[in-house]
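Participant: quick one: sequence plus predicted model below, questions after.
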Amino acid sequence: MDLFGNLIWLIFGGLMAALGYFLGGFVLCITVIGVPWGLQCFKLAGLVLWPFGKKVISDSNNMGCLNIVFNLIWILCGGLYTAIVHIGMGAILCLTIIGIPWVKQHFKLVEISLMPFGKRIIYE
């Protein structure tokens, strides 16, 4: 079922969204200072490309307070907008019964697109 959901996701916008995250990550990685945010864009691109069968968990890595600082910069520079877009798409898809599995994926993407630092993606 995950394969079927992922294929439909790819056809109806997942591939374009993943390419957008990948392009943003590439542009950020060109600059030395943007590398941490570029790597998070690549992480998001992987999740947006194939979201069914994956889970977002909090990671207890040793970055300390840098996670907070990096997440605040992320939120101010587009993370809030991205999360609002995923909430809006989820709300629109909620209007149909058939869209509910994709609503769950958009709401999963809200969690990581708002604050990606300190999160890890695992397979379910």
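Facilitator: Looks like it came in fine. Numbers count the residues shown, from 1 in each chain.
Participant: element containing the nearest residue to residue 37 once chain neighbours are set aside?
Facilitator: Leaving aside its chain neighbours, residue 37 sits nearest to residue 28 (5.0 Å; criterion: CB to CB, 6 or more residues apart in numbering). All C-beta spots, glycine's among them, are computed from the backbone N, C-alpha and C. With elements taken from DSSP states H and E, the one containing residue 28 is helix 15-30.
Participant: now that helix: mean pLDDT?
Facilitator: Here helix 15-30 scores 92 as its mean pLDDT.
Participant: which residues are in contact with it?
Facilitator: Residues external to helix 15-30 that are found in contact with it (CB atoms under 8 Å, 6 or more residues apart in numbering): 34-35, 37-42, 44-46, 48-49.
Participant: now, of the residues you listed, which are buried?
Facilitator: Using 16 or more other CB atoms under 10 Å as the burial test, those include 34, 37, 38, 40, 41, 44, 45, 48, 49 as buried.
Participant: quickly name whichever of the residues you listed is closest to residue 111.
Facilitator: Nearest to residue 111 among those, counting by CB to CB, is residue 44 at 11.1 Å.
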